[in-house]
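[1] The sequence and its predicted three-dimensional model are supplied below.
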Amino acid sequence: MGSIFTKLTAWRRSEPITSPPSVGEAPATAEGKDQEPPMKNRYQRRKSVSAERYDPEADEDEGDQRVVHPKSDEQRKRLSEAVKNILIFRSLDIEQMQEVIDAMFEKKTQPNEHVIDQGDDGDNFYVIDSGTYDIYVDDNLVGAYENQGSFGELALMYNMPRAATIIATSAGSIWAMDRHTFRRIVLKNAFNKRKMYENLLETVPMLKTLEPYERMNVADALISKTYEDGTQIIKQGDTADCMYFVESGEVRITVKNDSNDEKEVNRIKTGGYLGELALLTHKPRAASAYAVGTTKCAVLDVQAFERLLGPCMDVMKRNIDEYEEQLAQVFGSKVEITDLR
């Protein structure tokens, strides 16, 4: 699976559930709390007997009926707020996120209720809406969630037993998604998107110097954004925080001269890229970019850019001369510029 899952697994194992990764903040620690061993759930689930990982490439269930649990407007609002920062939903687009919201169902929790028990089969993935929940591993209190977070994904991804026990310590509400729907929406969509981005990146000349596994890491870091016709993607003079790969559509590049007249200097088509040189030079954007028709771009933020594209830096720097020649053709003389984008 993608690095999103590898990193998540490594996090869970290296920091045994002491903080919810999906919200980026550590939960309350167990310090100062009575560490009473949790009572077993009276609705004991059967133990897992398999550790087979889910393989989305081998999953051919394309015709599955969409799961929809009816919700009020108030419930949809609360759920949308609860899932917006969940790590494993990061690669989903707007339509897929709506499918996630449709597929989840609400469960009210009461104090001392076991949500999941260590060693049991995984049946659902959970997102916390409200309430506090203690985390036990081998009957030891190791952390807590407070009004946010998610848990239960590893058992569904790898068909492994639950790694911890989660017990409600207050009245609260959680959202659940069943195993089959979780795999179909989250895992398979993430897999398909990764393959799509890998195919896109293979067509980018700049990335020819990358090894296949390096392109795979870049694909996992991309976030898709859609721009309507005429929408400004980059503004000349702004601070650079990302670069763009054009998935579909076209991007028009313009530069303002000393008279503040804006002239088109280039067009970037599907498979092209823009915005990288400002990240290289650490200077403001030297051009603007606009969508031509509905345009979809895969966005790579500056942190991922610096971490993943080191082998491509020399190629990108050589492109600066080409951009200066383009400006000379437009404005009639050589223009000193270190970043056309």
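    Okay, I see it.
[2] quick one: contacts of stretch 119-127?
    22, 44-48, 79, 82-83, 86, 104, 115-116, 149-156, 159-162, 166, 174-179, 182, 186 (C-beta atoms under 8 Å, 6 or more residues apart in numbering). Where C-beta positions appear, they are placed from N, C-alpha and C, glycine not excepted.
[3] Between the two ends of that stretch, how far is it?
    Start-to-end span of stretch 119-127 (C-alpha to C-alpha, to the nearest Å) is 20 Å.
[4] In helices only, show me the contacts of stretch 119-127.
    The members of the contacts of stretch 119-127 that map onto helices under DSSP state H are 79, 82-83, 153-156, 179, 182.
[5] circling back: among the contacts of stretch 119-127, which ones are buried?
    22, 45, 79, 82-83, 86, 104, 115-116, 149-156, 159-162, 166, 174-179, 182, 186 (16 or more other C-beta atoms under 10 Å).
[6] what ranges do the helices span in the stretch 101-250 of the chain?
    153-158, 179-182, 188-202, 212-221 (DSSP state H, counting those that start in this stretch).
[7] Could you list the buried residues of the last one?
    Looking back up the chat, that one is helix 212-221. Those would be 214-221, for helix 212-221 by 16+ other C-beta under 10 Å.
[8] just checking, what packs against it?
    helix 3-14, helix 188-202, strand 288-301, helix 302-308 (3 or more C-beta pairs under 8 Å, 6 or more residues apart in numbering; DSSP states H and E).
[9] so which of those comes closest to Glu276?
    Glu276 sits nearest to helix 302-308 of all those, at 7.3 Å, using C-beta to C-beta.
[10] Can you give the distance of that closest one from its chain's centre?
    Counting by C-alpha atoms, centre = their mean, to the nearest Å, helix 302-308 is centred 15 Å from the centre of its parent chain.
[11] now stretch 207-223
    On C-alpha atoms, centre = their mean, the centre of stretch 207-223 falls 15 Å from that of its chain.
[12] do the same with stretch 281-289
    Relative to where its chain is centred, stretch 281-289 has its mean C-alpha point 26 Å off (C-alpha atoms, centre = their mean).
[13] unless I'm mixing things up, Arg215 is touching Glu198, no?
    Yes - counting by C-beta atoms under 8 Å, Glu198 is a contact partner of Arg215 at 6.1 Å.
[14] And the residue nearest in space to the middle of the chain, how close does it get to Asp117?
    Geometric centre of the chain, nearest residue: Arg90, 2.4 Å, by C-alpha atoms, centre = their mean. Distance check for Arg90 against Asp117: by C-beta to C-beta, to the nearest Å, it reads 28 Å.
[15] one step back: can I get the buried residues of helix 212-221 in a markdown table with distance to Val142 and pLDDT?
    Compiled in a markdown table, the buried residues of helix 212-221 are given as follows (distance: C-beta to C-beta, whole Å; pLDDT from 0 to 100):
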| residue | distance to Val142 | pLDDT |
| --- | --- | --- |
| Glu214 | 35 | 83 |
| Arg215 | 37 | 83 |
| Met216 | 33 | 83 |
| Asn217 | 31 | 85 |
| Val218 | 35 | 86 |
| Ala219 | 34 | 86 |
| Asp220 | 29 | 81 |
| Ala221 | 30 | 85 |
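[16] out of those, who's nearest Gly249?
    Ala219 (19.4 Å).
[17] Pretty sure Tyr197 is one of the things that closest one touches, is it not?
    Yes - counting by C-beta under 8 Å, Ala219 touches Tyr197, with 3.7 Å between them.
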